[in-house]
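**Q** When you get a sec, could you give me coordinates for this:
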Amino acid sequence: MDRLDRMLDHPVADLRVQDGTLVVHIPSQDQYHHREAVRLVIRHPEIVTFHSETATRAIRRFGDWLARHGSPARVMSHGNRRYRLAVGDAELDDVTHAAPR
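**A** Numbering: from 1, shown residues only. Presented below is the predicted three-dimensional model:
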């Protein structure tokens, strides 16, 4: 159970998944409650495909939330409902196949 908790609650940049249900911005302790954002953080740095327009809208809102909080993490679009969470200059610059949002 401890191993599962560590997998689900692992930090990415200044973000942490809490209880597998929400993303916490550690410096502000603000929370983002959406399962698709949790999925994106847990799967970092992989590209994740979302299967509905509702999910992709939630991911775009999550990207806006990250920007408002000054997080070094960014949501990167790879077109066709595919997104990934990028952190740091190397990951942010690695958008050679990414489509504009």
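**Q** Grab the nearest non-local neighbour of Thr42.
**A** For residue 42 the amino acid is Ile, not Thr. Val17 (5.9 Å; C-beta to C-beta, 6 or more residues apart in numbering). C-beta: built from backbone N, CA, C; applies to glycine.
**Q** Report the residue spans of this structure with pLDDT below the cut-off.
**A** For the chain, residues meeting the criterion pLDDT under 70 lie at 1-9, 89-101.
**Q** can you give me the strands in it?
**A** Assigned by DSSP state E, the strands in the chain fall at 11-12, 15-18, 22-25, 30-32, 48-49, 73-77, 82-87.
**Q** Quick one: list the elements packing against the longest helix seen in the chain.
**A** When the chain is parsed with DSSP state H, its longest helix is helix 53-68. With contacts taken as 3 or more C-beta pairs under 8 Å, 6 or more residues apart in numbering; DSSP states H and E, helix 53-68 sits against helix 35-42, strand 73-77.
**Q** and with 10 Å instead?
**A** When contacts are defined as 3 or more C-beta pairs under 10 Å, 6 or more residues apart in numbering; DSSP states H and E, helix 53-68 packs onto strand 22-25, strand 30-32, helix 35-42, strand 48-49, strand 73-77, strand 82-87.
**Q** What are the neighbouring residues in contact with the nearest residue to Asp14 once chain neighbours are set aside?
**A** Once flanking residues are discounted, Asp14 sits nearest to Ile26: 5.0 Å by C-beta to C-beta, 6+ apart. Contacts for Ile26 (C-beta atoms under 10 Å, 6 or more residues apart in numbering) come out as 11, 13-16, 69, 71.
**Q** Tell me the buried residues in the longest helix of the chain?
**A** Residues 55-56, 58-59, 62-63, 65-66 are the ones in helix 53-68 that count as buried (16 or more other C-beta atoms under 10 Å).
**Q** Dump those to a markdown table, plus distance to Leu85.
**A** A markdown table is the format used below for the buried residues of helix 53-68 (distance: C-beta to C-beta, whole Å):
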| residue | distance to Leu85 |
| --- | --- |
| Ala55 | 15 |
| Thr56 | 14 |
| Ala58 | 14 |
| Ile59 | 10 |
| Phe62 | 9 |
| Gly63 | 9 |
| Trp65 | 12 |
| Leu66 | 9 |
